[in-house]
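J.: after the sequence you'll find the predicted model.
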Amino acid sequence: MFVLGNFIVAVAKIIDIALSIYMWIIIARAVISWVNPDPYNQIVQFLYRITEPVMEPVRRWLPMRGMGIDLSPLVIILVIFFLQSFLVKSMIELAAYLR
């Protein structure tokens, strides 16, 4: 069973790293939105393409459309923190139990 435990730990670490990278991408997107970015810039296009599929449903879900401030990055970062605290740690504890 130690092989399964090691596999679960490896998957948990990959998920943790992926969530951390995506959190920094969301932060970069939020910072870029404070200025007037060039929509033809490759970096700006990449940030919009990679974050928009997650941010758009959150924007539709949030009731604060007319306020002029986009809180979807904050909500997504909180969800990422929750997943890192709950999902990743639960997977690591499950792997420790299987060893």
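T.: Looks like it came in fine. Residues are numbered from 1 along each chain as shown.
J.: where is the longest helix in the protein?
T.: Counting by DSSP state H, the longest helix found in the chain is helix 2-33.
J.: so for that helix, mean pLDDT?
T.: Taken as a whole, helix 2-33 has a mean pLDDT of 95.
J.: from the chain's centre, how far out does it sit?
T.: Taking Cα atoms, centre = their mean, to the nearest Å, the mean C-alpha location of helix 2-33 is offset from the chain mean by 8 Å.
J.: go on, stretch 82-92?
T.: 13 Å.
J.: how about that stretch: buried residues?
T.: Within stretch 82-92, the residues that count as buried by 16 or more other Cβ atoms under 10 Å are 84, 88, 91-92. Bear in mind the C-beta positions are built from the backbone N, C-alpha and C, glycine included.
J.: before we move on, what about stretch 92-99?
T.: Applying 16+ other Cβ under 10 Å to stretch 92-99 flags 92, 95 as buried.
J.: next one: stretch 63-81
T.: Buried, per 16+ other Cβ under 10 Å, within stretch 63-81: 70, 72-73, 75-77, 80.
J.: got it, and stretch 27-37?
T.: 28-30, 32, 37.
J.: list of residues touching it?
T.: Contact with stretch 27-37 is made by 44, 47-48, 51, 55, 70, 73, 77, as judged by Cβ atoms under 8 Å, 6 or more residues apart in numbering.
J.: ok so, going back, ok, which pair from the buried residues of stretch 27-37 is furthest apart?
T.: Ala30 and Pro37 (11.7 Å; Cβ to Cβ).
J.: next, give phi and psi for Asn41.
T.: Main-chain torsions, Asn41, degrees, to the nearest 10: phi -70, psi 140.
J.: run a quick check on Gln84 versus Ile17, I expect a contact.
T.: No - using Cβ atoms under 8 Å, Gln84 is not in contact with Ile17; the gap is 10.2 Å.
J.: does Val88 really touch Ile14, like I thought?
T.: No - counting by Cβ under 8 Å, Val88 stays clear of Ile14, with 9.7 Å between them.
J.: following the helix or strand encompassing Ile80, which helix or strand comes up?
T.: Using DSSP states H and E, Ile80 falls within helix 72-83. Where DSSP H and E defines the elements, the next helix or strand beyond helix 72-83 is helix 89-98.
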